[in-house]
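Structure for the following, please:
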Amino acid sequence: MRRRILVLGLGLLGAVLFVELGFRLLAPVLDLKVPAGGQLLPLARGAQKYVSHPYTVYRLNPKTPGVNSHGFRDREWAFAKAEGVTRVACLGASTTYGFHLRRAEQAYPHMLEQELEARTGREFEVMNFGVPAWTSAEILANYIFTVQDFEPDVVVIHLGINDVAPRQRRDFEPDYSHYRRSFSPDTFQPPNRALTQLSALYRFLYARTKVRTLQAGLEREDTPRGRVAKLDVASAEPFRRNLRSIVEHVLGRDGVVILVTLPHAPAEAERWPLKVQGIEQHNQILRELAQETGALLLDLAARTESFEPYFKDIVHVEEEGHALKARSIAERMIEGG
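Numbering: from 1, shown residues only. Below is the predicted model of the structure:
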């Protein structure tokens, strides 16, 4: 019996090796795209950087290095504010989080704290509430259930691209329920780690069926109605409503709001026409909200040429671009009193 089991095991192993070898020989001939040995690991680890969360769909995983217990890329915060400290809450998505940047200290909120203290001689606490791919819906929910409990004196709002995606769908709903789905990050257990290192066939199949980008893991599948060729102006109203709700709440508590428009790379305009259209519409809404509510406006989109050397893609900038944002916000805060 033991010999039979051993022979069967060796036969199965030989069959697996034969299939694996055959796949490796045929893949180049069939022009199949097979990820490299370590290529899937960062994607899988990336999925583990996020956890599901009530109301905001997901947040950063507090178990990830550099993420605090509240689920944000920043140092640990206490709800109680120290006497004499001015607290600033930075709301946004990846352009606030610091996408493409290796360390939280390279994103504009951290540099804004340094700029304000250097310019005024006072003590500030600037908090980074940015989470990649959040729309104004998640940002509003996060403000209501989390941010306001920290009692910020100043709220900086800087976003504009992620609300374009739900607006591109023909089945549009104002609460974005047509777009969002429950977040369940892929797990990547040790056997998977070994198999992705050893087997090209496994990597090929896993990449096609399991590995998803963060954005794909949050979006509902396309409906039969498809996507629009041009954005409907009316579909921008939820963006206006969500931000107005935050602005009016902060101002109603005697806080200060700074609305910061989002510059975008001119070189990407032809490649992403709908995204550019949406960003520009959202920037105009920020301008209008500032005028209507009395919030401060910092129109960085009007200074796009200053950011052109620093763009990494359509909206994300290098560390030098974040430094420019920090200086500009600090100047607007001090100018606005």
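
May I have the strands that pair with the strand ranked longest in the chain, each with its orientation?
Longest strand in the chain by number of residues (criterion: DSSP state E): strand 85-92. Counting by DSSP bridges, the strands paired with strand 85-92 are strand 123-128 (parallel), strand 154-158 (parallel).

got a list of contacts for that strand?
Around strand 85-92, the neighbours that count as contacts under CB atoms under 8 Å, 6 or more residues apart in numbering are 81, 96, 108-109, 112-113, 116, 122-130, 134, 139, 142-143, 147, 150-159, 246, 333. Placement of C-beta: from N, CA and C, glycine included.

In the chain, what residue spans correspond to strands?
Under DSSP E, the chain gives strands at 50-53, 57-60, 85-92, 123-128, 154-158, 256-260, 296-298.

any chance of those strands in a markdown table, plus mean neighbour count?
Compiled in a markdown table, the strands of the chain are given as follows (neighbours: other CB atoms under 10 Å):
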| stretch | mean neighbour count |
| --- | --- |
| strand 50-53 | 18 |
| strand 57-60 | 22 |
| strand 85-92 | 23 |
| strand 123-128 | 21 |
| strand 154-158 | 25 |
| strand 256-260 | 23 |
| strand 296-298 | 20 |
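
Compile those into a markdown table and extend it with columns for mean pLDDT.
Below are the strands of the chain laid out as a markdown table (pLDDT from 0 to 100):
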| stretch | mean pLDDT |
| --- | --- |
| strand 50-53 | 87 |
| strand 57-60 | 92 |
| strand 85-92 | 98 |
| strand 123-128 | 98 |
| strand 154-158 | 98 |
| strand 256-260 | 98 |
| strand 296-298 | 98 |
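
Export those strands to CSV and append columns for distance to residue 270.
Converted to CSV, the strands of the chain look like this (distance: least, CB to CB, whole Å):
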stretch, distance to residue 270
strand 50-53, 32
strand 57-60, 32
strand 85-92, 26
strand 123-128, 32
strand 154-158, 25
strand 256-260, 26
strand 296-298, 27
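
Could you measure from residue 272 over to residue 183?
25 Å (CB to CB, to the nearest Å).

typo on my end, residue 283
28 Å.

more neighbours, the two?
residue 283 (21 against 18; other CB atoms under 10 Å).

Identify the residue nearest residue 99 in space, chain neighbours excluded?
Nearest in space to residue 99, with sequence neighbours left out and distances taken as CB to CB, 6 or more residues apart in numbering, is residue 316 at 4.9 Å.

what's near enough to touch the one you found?
94-95, 99-100.

Out of the helices and strands in the protein, which is least certain?
helix 40-48 (a mean of 54; mean pLDDT, DSSP states H and E).

which residues sit against stretch 284-302?
Counting by CB under 8 Å, 6+ apart, 157, 160, 236, 239-240, 243-244, 247-248, 251, 256-264, 279-280, 283, 307, 325, 328-329, 332-333, 336 sit against stretch 284-302.

distance between the ends of it?
11 Å (CA to CA, to the nearest Å).

And for stretch 259-275?
20 Å.

Centre of the chain to that stretch, how far?
16 Å (CA atoms, centre = their mean, to the nearest Å).

cool, stretch 134-148 as well?
Relative to the chain's own centre, stretch 134-148 is displaced by 13 Å; criterion: CA atoms, centre = their mean.

Number the chain from 57, please
New numbering, starting at 57: the last item is stretch 190-204.

Could I get the average pLDDT for that stretch?
Stretch 190-204 carries an average pLDDT of 98.

got it, and stretch 371-378?
Here the average pLDDT along stretch 371-378 is 96.

mind listing what's buried in that stretch?
Buried residues in stretch 371-378, defined by neighbour count with 16 or more other CB atoms under 10 Å: 371-375, 377-378.

Now it - C-alpha only, PDB.
The C-alpha trace of stretch 371-378 is given here as PDB (Å, rounded to 0.1, in the frame of the first residue of the first chain):
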ATOM      1  CA  VAL A 371      -2.700  64.100 -11.000                       C
ATOM      2  CA  HIS A 372       0.000  62.600  -8.700                       C
ATOM      3  CA  VAL A 373       3.200  64.500  -8.100                       C
ATOM      4  CA  GLU A 374       6.600  63.800  -6.800                       C
ATOM      5  CA  GLU A 375       7.800  64.900  -3.400                       C
ATOM      6  CA  GLU A 376       8.800  68.300  -4.700                       C
ATOM      7  CA  GLY A 377       5.200  68.800  -5.900                       C
ATOM      8  CA  HIS A 378       3.900  68.000  -2.400                       C
END
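
Quick one: end-to-end length of stretch 153-165, please.
Note: stretch 153-165 ends 8 Å apart using CA to CA.

Show me the contact partners of it.
Contacts of stretch 153-165 (CB under 8 Å, 6+ apart): 122, 129-131, 144, 146, 152, 166-167, 182-184, 186-188, 212, 368-369, 372, 374-375, 378-379, 381-382, 385.

what about that stretch, average pLDDT?
93.

Contact partners for residue 378?
With CB under 8 Å, 6+ apart, residue 378 has these contacts: 154, 157, 162-164, 167.

Roughly how far does residue 345 sit from residue 296?
For residue 345, the distance to residue 296 - CB to CB - is 7 Å.
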